[in-house]
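Peer 1: Quick one, what's the 3D model for this:
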Amino acid sequence: SHDSNEDKFKLRSVVEKLELPLALTAAVQKGVLSLALMYNRSWMSQERAREAMGKLKRMLEFVARHPVATHEEVGASTVSHSEKEKLLHDWNKTERPWRQDITVHRMFEE
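Peer 2: Here you go, the predicted structure:
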């Protein structure tokens with residue numbers, strides 16, 4: 001059976017005084033890597049912090065499975081399916097009606 005890492009990944013909220021806008025600490029204890037992301041809430045929302053930790057988790061899992069991967073492959077591994085859909089499809093919906101009676105450079109002037 002394949003052991004899922006989903007159960008091993010938890011994000012908990014802790015309030016600490018932090019002088020920096022963002023800090024990531026890592027520790028290994030008994031062969032287990034623990035990461036803590038501390039952030040200033042005026043700089044980053046909890047939702048954005050969760051997204052960042054999710055990307056980091058995907059990246060670390062990818063590197064563990066593919067230790068000789070290129071940085072491009074590692075970077076691509078951090079994009080979730082929903083982010084990929086947003087980047088490739090949602091943000092690419094740029095069609096707009098445009099006037100046919102003037103030149104392109106005239107449109108920029110207006």
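
Peer 1: Residue 47: neighbouring residues, count only.
Peer 2: Number of residues near residue 47 (other Cβ atoms under 10 Å) recorded here: 8. Where you see a C-beta, it was placed from the backbone N, CA and C, and this is true even at glycine.

Peer 1: just the helices in this structure please.
Peer 2: In the chain, the helices defined using DSSP state H lie at 46-65, 71-77, 81-85, 104-109.

Peer 1: Determine how far the longest one lies from the middle of the whole chain.
Peer 2: The one in question is helix 46-65. Averaging C-alpha positions (Cα atoms, centre = their mean, to the nearest Å) puts helix 46-65 7 Å from its chain's average.

Peer 1: try the last one
Peer 2: Centroid displacement of helix 104-109 relative to its chain, using Cα atoms, centre = their mean, is 37 Å.

Peer 1: What residues does the closest residue to residue 75 other than its chain neighbours make contact with?
Peer 2: Spatially, and ignoring its direct neighbours in sequence, residue 75 is nearest to residue 59 (8.0 Å; Cβ to Cβ, 6 or more residues apart in numbering). By Cβ atoms under 8 Å, 6 or more residues apart in numbering, the contact set of residue 59 is 74, 75, 77, 78.
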